[in-house]
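Peer 1: Output the structure for:
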Amino acid sequence: MSNFEGVLVSDHWLQSQFTQVQLRSLKSKFIASVDQNGQVSGQDLPILLAKIKPFNEMFKEKEIRDLLAESGFDMTNGIDFEGFLRAYLNLHSQAAAKLGSSNNSSSFLKATTTTLLHTIDESERESYVAHINSYLRDDPFMKQFLPIDPTTNALFDLARDGVLLCKLINVAVPNTIDERAINTKRVLNPWERNENHTLCLNSAKAIGCTVVNIGNQDLVEGRPHLVLGLISQIIKIQLLADLNLRKMPQLVELVDDNSDVEELMGLAPEKVLLKWMNFHLKKAGYKKPVTNFSSDLKDGEAYAYLLNVLAPEHCSPATLDTKDPAERANLVLEHAEKMDCKRYLAPKDIVEGSSNLNLAFVAQIFHQRNGLSTDSSKKISYAEMMTDDEQISRDERSFRLWINSLGISSYVNNLFEDLKNGWTLLEAVDKVSPGSVNWKHATKPPIKMPFRKVENCNQVIKIGKQLKFSLVNVAGNDFVQGNKKLILAFLWQLMRFNMLQLLKNLRSRSSQGKEITDADILKWANKKVKNTGRVSQIESFKDKSLSNGIFFLELLSAVEPRVVNWNLVTKGESDEEKKLNATYIISVARKIGCSLFLLPEDIMEVNQKMILMLTASIMYWSLQQSADDSESSPSSVAVTPEASPAPSVNGDETVNGDETVNGDEGFEISNGAEISNLSIDDADAASDTTTVSSTHENNDTISQ
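Peer 2: Residues are numbered from 1 along each chain as shown. Predicted structure coming up:
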C-alpha cells in the first residue's frame, strides 16, 4: 500500500486551517502556476487567487492585488506554497469582512469549506460519546477502550486509527463492513491506519454519509469538527433507518389516502419524524405545529404533550404547570427515562434548541414507543403498494447512494420521488459532464408549476442525447411521472458515460487514449490474475464460477499483494461460504480505495452487470496507482475529491461483445485520486450507446 500521509506543511497552525481535501485542491492549483524555482511570482499571485472560488465571484484581479497590498502582504518576491496559503487566508478574512453580516459571513465560510472558526458543541460530543459507550461497550475489541471520558479529547484520539468509526458504521447499518478486513492490532503502522480510514470513508458513503470534504489525514489528525460531523451522520442514519414505509408499514396511519401516501414515500426521514410527532400532538390537543427540531421545541411543551399521549402512565401534571422552561425540560427527560429512553441530552439542550440532539431524542422516543396501530386494515393495502421488484429496489438504493456521493447540494432520500422535479438530475449531470447544463433555463425547487419540472427534465433528456445516450421515445414527462425503469435506465447510461471517460483519461495519461470496452476490462482482469501465477480465468462477466468469489480475491491480491488475508478465505462451496467471501471482497476493495455500492448477493448471484462494475472498479483503482506513481502524485488511498465528479465505474451493455445486459440490473462505483485533474468533456466517448424505449413492454431493457 502507499505510504501517502497527505499534503503536509511545516507550520502546524497553517496546516490546521485546512482540510486535506482543501490542501490537495489548493496544491494542484498552485503547482499549475509555479515557475522553474517552484514558486509563484508576486505579480501572478493575484491572477491565481482570482481563479479560485469563491474569490472569482467576489473580486476582480486588481481588487485582490490592492487588498493584499493594503494588508502588508509582500509580493515583491516569489511565493512558495505556504506563502500562497497565507495569502489565501488573508484574502479569505477580508472577503468575510466585506460581506459584513454574520449570516453572510457564515455562508461564505460554508461555501469555501474552510476549517476556520469551527467550534465544538460540547453537548453534542457528550451525547455522541454516551451513544458510543452504550452501543460498543460489549464489542470484543472496543471494550478495552471504553467507556470514553466525554470531558476530554479521548474520542478524537481513539478515532485516529479508524477502528472506532468502522465499528460505529456497523452499528448503524449492520454488516456494512466485514470486520475481518479491519486492522485491529493495538498499534497500527501508517499503512494499516490508512487502510482503516479508507475503508471507513468508502463504507460511510455506502450507507449515505456525505464525506466529500474529509480525507484520511483529517481523521488521522483527529480533527474534532470533522470527526464529530462524521459521527453525527452515522448516528443519524442509525436512528432514522426505520423511518420509511418499506421497513415500517404502520407509518401509513399518518396519512389519509393514496395521494398522501405517495407524498409520505418521498419525505426525508426527518420530515417523517416531524409528521409522526405532529400526528400525536394533534391527538393530544396541542395547537401549534412543530416544523423543526430547534425553536419549536425550546419551551418543552410539545415534548410534554407528546409523552403524555404516548406514555400517560408516567404523566406528571407539573410538567405543563411549571412556568420555567428549564424545569419543564428536566421533567420531560425524567418522563422519557421512565419509558427507558436513554438520557443523551440535558435540559439546557432542549432550552437552547440543539437541533441535532433534539432530533436524536425524538427518534429515540419513536423507537421506544411510536404509538402507531399494528393492525390497521389500510396498512396492508398501502404496504402492497410498496412491493417492488427486488432488482429495482437494489437499483434504487445503488443509484441513490451514488448520486448522494457526488457532492451535489440536493440529497436524495427516495430516488423516484426526488428526481421528479428534474433539478437533482441536472445537478448530477453537471457533475458528470461539467458545463453541460444551462442553468438559466433551469428552475430550482420548490417548483409549484408542473411545466417547470417538465422543462428541467427535458433539458436532462437533451443533454443525454448530446452525450450520445440512446433515448428513443423518452420525454421529460416520463421522469416527472416517476417512470422507474426509464429513470434507472437513464442513470445507468449517465454512470456508464462517467466510467468510460475516467478510464479513457487514465489511458490517455500513458498515451493509450483509446476507448475502453468491457472486453478490455475482462482481458485486463484475466491478465492481472495470470501474471501472479494463478490459473483462475473467466470467460465472461456471467461466468458462474465467479459466485464463490475466489477470482475477485485473486484479482485484488494481484493489484495489491498485501491486502488479502488468505487465511480468511473459504472455498466458497456453500451459500454461507460464498457470502463470507463476497462480504470480504467488498470490504477489501473499499479498503484499498474503491467506492462501491453493490451487495454481497450481487456477487453470489453473478449479476453480470454488477460483476462488470466490480471488475472495472478494481481496474480503475489499479490504473490510477500506475498513473500516480508515474507522475509522483499523491496516492488515491487518502482522497475524497472536492468539487469534482465522484469517480464512478459503470459497465458497458455487452459482455465479450455480444451478451446483452439488462439496464436495471445494478451497478457500483469506483473512487480514486485527484479526480479533479481528469477532464470529463469528451461527449462522444460513450460509443456503445444504449436504447431506452418507453413504448416497449420491457422499458428498462438496454440493448446495443
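Peer 1: Can you list the helices and strands that the helix or strand harbouring L307 packs against?
Peer 2: L307 is part of helix 301-310, with elements assigned from DSSP states H and E. Counting contacts by 3 or more Cβ pairs under 8 Å, 6 or more residues apart in numbering; DSSP states H and E, helix 301-310 is packed against helix 269-284, helix 318-321, helix 325-338, helix 355-368. C-beta: built from backbone N, CA, C; applies to glycine.
Peer 1: Low-confidence ranges, the protein, go.
Peer 2: Residue ranges of the chain with pLDDT under 70: 1-6, 9-17, 54, 57, 71-75, 93-120, 257-259, 374-389, 507-513, 628-704.
Peer 1: now S294, nearest residue through space, not along the chain?
Peer 2: Among residues not flanking S294 along the chain, G353 sits closest, at 3.9 Å (Cβ to Cβ, 6 or more residues apart in numbering).
Peer 1: Need phi/psi at V40.
Peer 2: Main-chain dihedrals, V40, degrees, to the nearest 10: phi -100, psi 130.
Peer 1: Hmm, K29 and it touching each other?
Peer 2: No - with contacts counted by Cβ atoms under 8 Å, V40 stays clear of K29, the gap being 9.9 Å.
Peer 1: More neighbours: these two, which one.
Peer 2: V40 (26 against 17; other Cβ atoms under 10 Å).
Peer 1: name the element A428 belongs to?
Peer 2: helix 423-432.
Peer 1: Which residues are in contact with each of V40 and K29?
Peer 2: L48 (Cβ atoms under 8 Å, 6 or more residues apart in numbering).
Peer 1: quick one: contacts for L68?
Peer 2: By Cβ under 8 Å, 6+ apart, the neighbours of L68 are 45-46, 75, 87, 90-91.
Peer 1: Show me the strands in the stretch 501-650 of the chain, by range?
Peer 2: Applying DSSP state E, counting those that start in this stretch to the stretch 501-650 of the chain gives no strands.
Peer 1: Quick check: N370 vs K462, distance?
Peer 2: 45 Å (Cβ to Cβ, to the nearest Å).
Peer 1: Settle it for me: which of these two has more neighbours?
Peer 2: In this comparison of N370 against K462, neighbours counted by other Cβ under 10 Å, the higher total goes to N370 at 19 against 15.
Peer 1: What are the neighbouring residues in contact with the more buried one?
Peer 2: 248, 250, 276.
Peer 1: Mind doing that once more with 10 Å?
Peer 2: 242-243, 248, 250-251, 253, 276, 279-280, 310 (Cβ atoms under 10 Å, 6 or more residues apart in numbering).
Peer 1: Now the buried members of these.
Peer 2: Buried members of the contacts of N370, scored by 16 or more other Cβ atoms under 10 Å, are 242-243, 248, 250-251, 253, 276, 279-280, 310.
Peer 1: Tell me the one of those residues nearest V535?
Peer 2: Nearest to V535, judged by Cβ to Cβ, of the buried ones among the contacts of N370 is D242 at 46.8 Å.
Peer 1: excluding its backbone neighbours, what's nearest that closest one?
Peer 2: That would be M248: by Cβ to Cβ, 6+ apart, it lies 5.2 Å from D242.
Peer 1: Hmm, that neighbour is touching S373, no?
Peer 2: No - proximity of M248 to S373 does not meet the contact threshold set by Cβ atoms under 10 Å, at 11.8 Å.
Peer 1: What residues of the longest helix seen in the chain count as buried?
Peer 2: Counting residues, the longest helix found in the chain (DSSP state H) is helix 484-509. Within helix 484-509, the residues scored as buried using 16+ other Cβ under 10 Å are 484-507, 509.
Peer 1: you'd agree V261 is in a strand?
Peer 2: No - counting by DSSP: H, G, I helix; E, B strand; the rest coil, one finds V261 to be helix, located in no strand.
Peer 1: doesn't L254 make contact with it?
Peer 2: Yes - between V261 and L254 there is a contact under Cβ under 10 Å: 9.0 Å.
Peer 1: shared neighbours, these two?
Peer 2: Residues touching both V261 and L254 (Cβ under 10 Å, 6+ apart) are L245.
Peer 1: Between the two ends of stretch 8-21, how far is it?
Peer 2: Stretch 8-21 has its terminal residues 12 Å apart, counting by Cα to Cα, to the nearest Å.
Peer 1: try stretch 243-261
Peer 2: Stretch 243-261 end-to-end distance (Cα to Cα) = 14 Å.
Peer 1: how far does it sit from the chain's center?
Peer 2: 26 Å (Cα atoms, centre = their mean, to the nearest Å).
Peer 1: Of all the residues in that stretch, which ones are buried?
Peer 2: By neighbour count on 16+ other Cβ under 10 Å, the buried set for stretch 243-261 is 243-245, 248-255, 261.
Peer 1: Ok, stretch 49-63 next?
Peer 2: Neighbour-count burial for stretch 49-63 [16+ other Cβ under 10 Å]: 49-50, 55, 58-59, 63.
Peer 1: Kindly report the same for stretch 428-439.
Peer 2: For stretch 428-439, a neighbour-count test (16+ other Cβ under 10 Å) marks 428-433, 436-437 as buried.
Peer 1: Many thanks, have a good one.
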